[in-house]
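Asks: build the 3D model from these lines:
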Amino acid sequence: MTVDHLREQWSARLLEVGRSLVTELDLTALLDRVLATARELTGARYAALGILTEDRTGLAEFLTLGVDEQTHQSIGELPSGRGVLGVLIEHPEPLRLADVGDHPHSFGFPVGHPVMRSFLGVPVMVQGQAWGNLYLAEKHGGDEFSDQDQRAAVILAEWAAVAIHNARLYGISELRREEAEKAVRGLEVTRDIAVAIGGEIGLEHVLELIAKRGRALVGARSLVIMLREGEELVVHAGAGHVQDHRGVRIAILGSASEQVLERRRPERVIAVDARLRVVAKASGVPDARTALLVPLLYRGEALGVLAAFDRGADGATFSEDDESMLRAFAASAATAVAMAQSVRADRLRSSLAAADAERRRWARELHDETLQGLGALRMLMAAALRCDELPQVHESMGDAVRQVEIEIGNLRSIITDLRPAALDELGLRAAIEALLDRHRDQHGLTIDGQLAIRSPADGDGRLDEDLETAIYRIVQEALTNVVKHANAARVRLAMRECQGELLIELQDDGDGFDTASVSGGFGLTGISERVALSGGDLSIESGDGGTLLSVRLPVWRGKREGADRRQSADAREAVS
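Replies: Next comes the predicted model:
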């Protein structure tokens, strides 16, 4: 085979190598291929790529080929760019040595390092700047590296520089594409949330939508929404690999969620078992490994927490970008939640207002028509009784008068239950006192009433009409529960104002009940709805010694001017 033919084959091989390198867009795979090709073209036993630091004064990375893992471990720390390797860093030009140990900058080799004598190093220049160096050592057969080996290494380094630049550009374009896709997903999610708000769909549907969209946005295996109710978080919705634990309550105090709510900042949790095990298990994700907690903030108020668990199928930790995206998403989600809660409160308030208005109408009609008619009938029957002397008629008419009197008493009770006149005319304290007197007389209860609340005569003004109605109905329903279910003999009712709140305690000495097993029974639904609509807190403790119902309500005086409706309008304005 002639020399020209060998050169032609060599050139063709370099061209083939170049073409294969520039088509490789994965940087890690590209560098591995460069090392393998360099060994093949030069006959070197060992090949390495030293990637320079940003200031180009040392080696940030050192990739090798030809040294097994056991030898790597025995060598210890990889070179940082001193000695002969540093010569190419200071002077980026080819360096070929028959014996690397003879060079004046040689530091020798560490214990366990394989024997290396012949050496060839060439710089890798990317767009005119040193990017790294290609190192080759120990040519097979013990020979020195030739001029042709050096030319091959230089050409390979040039091809590698082009390929590295292309791979970098591709990596940047892929990163930007991913960022653009994330931005598009974020816009789609925001659009969906805005549509949900505009449609004023139910809170459950809004939460389900938020859970699904939030999970997809950050690629979480599971996502749970917990809303704040007093000093607890209540699980309301979930998406992904989540057990249905809706309604489960989790104490905020002392939990990881407390810091997220108080600091108003997200938190990435690397180890759920160590930091978030109780919350994860209680919310229906017992096998979670990593988590991302993001607060739902609306106008500075923490409504709850979005808890995403395990990024991707392998359960990887969430990144800073994930945190940023879910935080932005949570802002829109919180507006949707606040809007849905406001809509639901408006509907419930309208329903209760309509019921109260209907009670007023019936009370008025029963008083003005039925009660007046029965009163007139009683008077006629009494007059007839005085005029007739027949004993049988006298006895029958007496029974009729007594029956009418009983019915009049019953109607008065019904009217008072529907809408006590004392509440409108004399105020809350007078109405409550009348309510207690009626229960003492009708049911034989011993009631201790401690009503440390102001009346209109005290000069501090009436409480808001809706608030007075809510308080009266809460006490009325609670007393009805005692009569119907508690089998109690004594009741203590304490009401007082303290630091802008009205505190109500109603305690009986009855049988008690299991509060965990009762849901919506014993009139608790009406009580809890009125407390929630008034912005208060309700707690119930019950056992063998009786039941204690405690209510805290914010106090406002005068007529509320649609505060919750303004909140709804503010939410709509924020979205638009």
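Asks: domain assignment for this structure?
Replies: Domain assignment for the chain by automatic domain parsing gives 10-172, 184-342, 428-567.
Asks: so which of those gets nearest V401?
Replies: Nearest of the domains of the chain to V401, taken as C-beta to C-beta: domain 428-567 at 21.5 Å. Quick note: C-beta positions are derived from backbone N, CA and C, even for glycine.
Asks: chain center to the closest one, what's the gap?
Replies: 33 Å (C-alpha atoms, centre = their mean, to the nearest Å).
Asks: so where do the helices sit in the stretch 1-150 of the chain?
Replies: Secondary structure of the stretch 1-150 of the chain (DSSP state H, counting those that start in this stretch): helices at 3-22, 27-42, 69-75, 83-90, 147-199.
Asks: likewise for the stretch 351-500 of the chain?
Replies: Using DSSP H, counting those that start in this stretch, helices in the stretch 351-500 of the chain cover 372-387, 391-418, 421-425, 428-443, 465-481.
Asks: for the third one, the averaged confidence score.
Replies: Put plainly, it is helix 421-425. The pLDDT scores in helix 421-425 average 69.
Asks: and the second one, by the same measure?
Replies: Over the span of helix 391-418, the pLDDT mean works out to 67.
Asks: wait, doesn't V67 sit right on P114?
Replies: Yes - look at V67 against P114 with C-beta atoms under 8 Å: they come within range, at 6.6 Å.
Asks: need the residues touching each of these two.
Replies: Common contacts of V67 and P114, defined by C-beta atoms under 8 Å, 6 or more residues apart in numbering, comprise Y46.
Asks: which non-adjacent residue is nearest the residue positioned nearest the centre of the chain?
Replies: In the chain, the centroid-proximal residue (C-alpha atoms, centre = their mean) is L306; its distance is 1.0 Å. Spatial nearest neighbour of L306, chain neighbours left out: V294 (4.5 Å); criterion: C-beta to C-beta, 6 or more residues apart in numbering.
Asks: which elements pack onto the helix or strand encompassing that neighbour?
Replies: V294 is part of strand 291-298, with elements assigned from DSSP states H and E. On a contact count with 3 or more C-beta pairs under 8 Å, 6 or more residues apart in numbering; DSSP states H and E, strand 291-298 meets strand 220-229, helix 256-263, strand 267-269, strand 301-311, helix 320-365.
Asks: would you single out the least confident of those?
Replies: Taking the mean pLDDT of these, helix 320-365 comes last: a mean of 70.
Asks: my guess is Q243 is in a strand, correct?
Replies: No - in this structure, Q243 is coil, not part of a strand, as judged by DSSP: H, G, I helix; E, B strand; the rest coil.
Asks: quick one: contacts for it?
Replies: By C-beta under 8 Å, 6+ apart, Q243 lies in contact with G284, V285, P286.
Asks: let me know the secondary structure of the last one.
Replies: The three-state label given to P286 by three-state DSSP is coil.
Asks: how about the spatially closest residue to it that is not a sequence neighbour, phi and psi?
Replies: In space, and not counting its chain neighbours, P286 is closest to A280: 6.5 Å by C-beta to C-beta, 6+ apart. A280 adopts backbone torsions of phi -60, psi -40, taken as degrees, to the nearest 10.
Asks: surely A280 touches L293?
Replies: No - contact criterion C-beta under 8 Å: A280 and L293 do not qualify, at 10.6 Å.
Asks: any shared contact partners between these two?
Replies: Shared contacts of A280 and L293, defined by C-beta under 8 Å, 6+ apart, comprise A307.
Asks: so which of these two has more stuff around it?
Replies: L293 (27 against 24; other C-beta atoms under 10 Å).
Asks: so that one touches L306, yeah?
Replies: Yes - taking C-beta under 8 Å as the definition, L293 is a contact partner of L306 at 7.3 Å.
Asks: look up how far F109 lies from Y46.
Replies: Using C-beta to C-beta, to the nearest Å, Y46 is found at 12 Å from F109.
Asks: of these two, give the one with the bigger neighbour count.
Replies: Y46 (18 against 14).
Asks: surely the more buried one and L65 touch.
Replies: Yes - Y46 is within contact range of L65, at 7.2 Å (criterion: C-beta under 8 Å).
Asks: quick check: neighbours shared by these two?
Replies: Residues touching both Y46 and L65 (C-beta under 8 Å, 6+ apart): R39.
Asks: can you report how many residues lie near P266?
Replies: Residues near P266, counting by other C-beta under 10 Å: 21.
Asks: check A194 and give its pLDDT.
Replies: At A194, pLDDT is 59.
Asks: what does S118 give?
Replies: S118 is assigned 90 on the pLDDT scale.
Asks: surely it meets L95?
Replies: No - in this structure, S118 is not within contact of L95 by C-beta under 8 Å, at 11.9 Å.
Asks: residues near V126, how many?
Replies: 15.
Asks: for it, which non-adjacent residue is closest in space?
Replies: A161 (4.7 Å).
Asks: OK, contacts around the one you found?
Replies: Listed by C-beta under 8 Å, 6+ apart, the contact set of A161 reads V124, M125, V126, Q127, W131.
Asks: which among those end up buried?
Replies: V124, W131 (16 or more other C-beta atoms under 10 Å).
Asks: same list (the contacts of A161) but as TSV, adding pLDDT.
Replies: Formatted as TSV, the contacts of A161 follow (pLDDT from 0 to 100):
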residue	pLDDT
V124	87
M125	87
V126	84
Q127	80
W131	85
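Asks: on that earlier part again, neighbour count for S118 and L95, which is higher?
Replies: Legend: neighbour count by other C-beta under 10 Å for S118 and L95, higher for S118 (24 against 20).
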